[in-house]
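Asker: pasting the sequence and the predicted model now:
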Amino acid sequence: GPDLMREVFSLSKEMGWSHYFYGTDQYCLDKLKLTLSRQYPWLKIAGMEPSLFRPLSADEEDFVIDSINDSGADFAWIALGAPRQEVFCHKLHARVRPVMVGVGGAFNVLAGIVPEAPLWMQNLSLEWLYRLIQEPKRLFKRYLFTNTKFIFYQFTHNVRRKVVK
């Protein structure tokens, strides 16, 4: 998430893209806005909205959709954590104009609230392990069940594809 966002922010200077940020809490969004304005002074922030940390009512959904669409943003960065952000993006994609990208805890990393994994761990694709070490109580269950499901689905899907061929 953070790497993709940094790359898109850099391209935004020449492309003129604007960005909407949805998720996390107001404290993080305030720090994120301050950090982004320092690191990317050209960045057009079209809007920011914190998550309610619960399922949205139909009226609340409409409000979020209208806020994103009315902002004129080219990208809507969604930081609700997996799998909430994926469900959110899938459910609303037909009604939201900008490109929605789920970025998990990227807002916290870019805002400087959560430390980023050392470069050597990033290069070895071990950022997940670094995060697990930082927040074991919060992430252990999620990683155990969600990642195990993902690996199982990948394996069974690949096996089915080979059998069909």
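Answerer: All right, it came through fine.

Asker: name the residue closest to the centre of this structure, please.
Answerer: residue 103 (1.6 Å; CA atoms, centre = their mean).

Asker: right, and it touches residue 78 too?
Answerer: Yes - the pair residue 103 / residue 78 is scored as a contact, 6.8 Å apart, by CB atoms under 8 Å. Where you see a C-beta, it was placed from the backbone N, CA and C, and this is true even at glycine.

Asker: how about the helices of the chain, start to end?
Answerer: 2-15, 26-39, 58-71, 84-92, 106-110, 119-123, 127-134, 136-142, 148-164 (DSSP state H).

Asker: what's residue 125 sitting at in phi/psi?
Answerer: Reported as degrees, to the nearest 10, the phi and psi values for residue 125 are phi 60, psi 40.

Asker: show me the contacts for residue 80.
Answerer: 22, 23, 51, 88, 102 (CB atoms under 8 Å, 6 or more residues apart in numbering).

Asker: go ahead and confirm residue 1 touches residue 109.
Answerer: Yes - counting by CB under 8 Å, residue 1 does reach residue 109; the two are 7.4 Å apart.
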